[in-house]
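Trainee: Sequence first, then the predicted structure:
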Amino acid sequence: MPQSIEQAIVAATALLTPSSDSAKLDAQVLLLSILDKPRSYLFTWPEKQLTEQQQLDFEQACHRRLNGEPVAHIVGFREFWSLPLKVNPTTLIPRPDTETLVEYALGLELPADANVLDLGTGTGAIALALASEMPNWQVTGVDRVADAVELAKENKQRLAINNANFALSNWFSAVNTQKFNLIVSNPPYIEQDDEHLNQGDVRFEPLSALVADDDGMADIKQIITIARDYLATNGYLLIEHGYKQSVKVQDFFAQMSYSHILTIKDLGGNDRVTLAQWLK
């Protein structure tokens, strides 16, 4: 028998609590996706009865969540920098801590018409966030996974952000010889034997976007090394990394002759992004 909105949320919260730290929020997001309504609808119409189909769809969605599937994959979207981004299992799910990189990049002193490159763009989250805030910037996002590039293009079109473009490239492999005022990246940086790979949402995300050799540093080192050929004089490179990697990242930036090296903390107070400037 179909429940009211309030009854459905209470029941789903109880069902999900043993397996989720955000059971009530998960239940609300799943139901809103099925109802195709804004969040305020839950509080305005708590007594409204679900249809039989809505009840069935909600129960199926809750059981997918109970099995550990990320809410973002179930509903098909995740908000990042206030942008509703379509997501799927071919890419990482955008995370709030990555907004730290976006926020700091927007505060840098760059030309009004800056040329920006986002390496490993995935859903296009970082590139689209920067492009949406700086319409005079030209932002290029690249990824080595064709499905990810198509997803980023779809997000661009749906959000009507015209100053962002996306292309297939394994890091710099298909990037031409142009110079960039800013290069940003959230590359794979987790060690292959990290216990967190068997926990939470990452179990449903592609390992290729998570794991790197050399204690998680292989891709970071490659980007720092090659970016020197693509940065304009006084250009910046910003890289997201693991909370225990900041010293290694800073040291490698210094070895590669970068200047003004700085590590920034994320929302939880952990070292998350390191930037450096290329003065040559």
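Mentor: The structure has been received and is ready for your questions. Numbers count the residues shown, from 1 in each chain.

Trainee: Where do the strands of this structure begin and end?
Mentor: Ranges of strands in the chain, per DSSP state E, are 77-80, 83-86, 115-119, 138-143, 164-168, 180-185, 231-240, 259-265, 271-278.

Trainee: Distance to residue 67, mean neighbour count and mean pLDDT added to these, as a markdown table?
Mentor: Heads up, the C-betas are built off the backbone N, CA and C, glycines and all. Below are the strands of the chain laid out as a markdown table (distance: least, C-beta to C-beta, whole Å; neighbours: other C-beta atoms under 10 Å; pLDDT from 0 to 100):
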| stretch | distance to residue 67 | mean neighbour count | mean pLDDT |
| --- | --- | --- | --- |
| strand 77-80 | 19 | 19 | 90 |
| strand 83-86 | 22 | 19 | 94 |
| strand 115-119 | 33 | 26 | 97 |
| strand 138-143 | 28 | 25 | 96 |
| strand 164-168 | 32 | 19 | 96 |
| strand 180-185 | 32 | 24 | 97 |
| strand 231-240 | 29 | 21 | 96 |
| strand 259-265 | 34 | 14 | 95 |
| strand 271-278 | 30 | 23 | 95 |
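
Trainee: Output those strands in CSV, with distance to residue 217 appended to each entry.
Mentor: Shown next, in CSV, are those (distance: least, C-beta to C-beta, whole Å):
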stretch, distance to residue 217
strand 77-80, 26
strand 83-86, 28
strand 115-119, 15
strand 138-143, 20
strand 164-168, 25
strand 180-185, 13
strand 231-240, 11
strand 259-265, 15
strand 271-278, 12
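
Trainee: and of the ones you listed, who's closest to residue 225?
Mentor: strand 231-240 (10.7 Å; C-beta to C-beta).

Trainee: tell me how far that closest one is from the chain's mean position?
Mentor: Its chain's C-alpha centre and that of strand 231-240 lie 20 Å apart, by C-alpha atoms, centre = their mean, to the nearest Å.

Trainee: Who are the packing partners of it?
Mentor: helix 99-106, strand 180-185, helix 218-227, strand 271-278 (3 or more C-beta pairs under 8 Å, 6 or more residues apart in numbering; DSSP states H and E).

Trainee: Tell me what the closest residue to residue 253 other than its chain neighbours is bridged to.
Mentor: Leaving out its chain neighbours, the residue that sits closest to residue 253 by C-beta to C-beta, 6 or more residues apart in numbering is residue 276, at 4.3 Å. Under DSSP bridges, the beta-bridge partners of residue 276 are residue 237.

Trainee: Test my guess that residue 276 contacts residue 236.
Mentor: Yes - taking contacts as C-beta atoms under 8 Å, residue 276 lies within contact range of residue 236: 7.2 Å.

Trainee: tell me the contacts of the residue nearest the centre of the chain?
Mentor: Note on the chain: the residue nearest the mean C-alpha position is residue 94, at 2.3 Å, using C-alpha atoms, centre = their mean. Residues near residue 94 by C-beta atoms under 8 Å, 6 or more residues apart in numbering: 78, 80, 85, 87, 122, 123, 125.

Trainee: in the protein, which helix or strand is least confident?
Mentor: Here the helix or strand of the chain ranked lowest by mean pLDDT, DSSP states H and E is helix 213-216, holding a mean of 69.

Trainee: backbone phi and psi for residue 89, please?
Mentor: phi -70, psi 0 (degrees, to the nearest 10).

Trainee: burial measure for it, as a count.
Mentor: By other C-beta atoms under 10 Å, 12 other residues sit near residue 89.

Trainee: so how far is residue 148 from it?
Mentor: 11 Å (C-beta to C-beta, to the nearest Å).

Trainee: Could I get the helices and strands packed on strand 231-240 in TSV, plus columns for distance to residue 256?
Mentor: Converted to TSV, those look like this (distance: least, C-beta to C-beta, whole Å):
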stretch	distance to residue 256
helix 99-106	20
strand 180-185	13
helix 218-227	5
strand 271-278	8
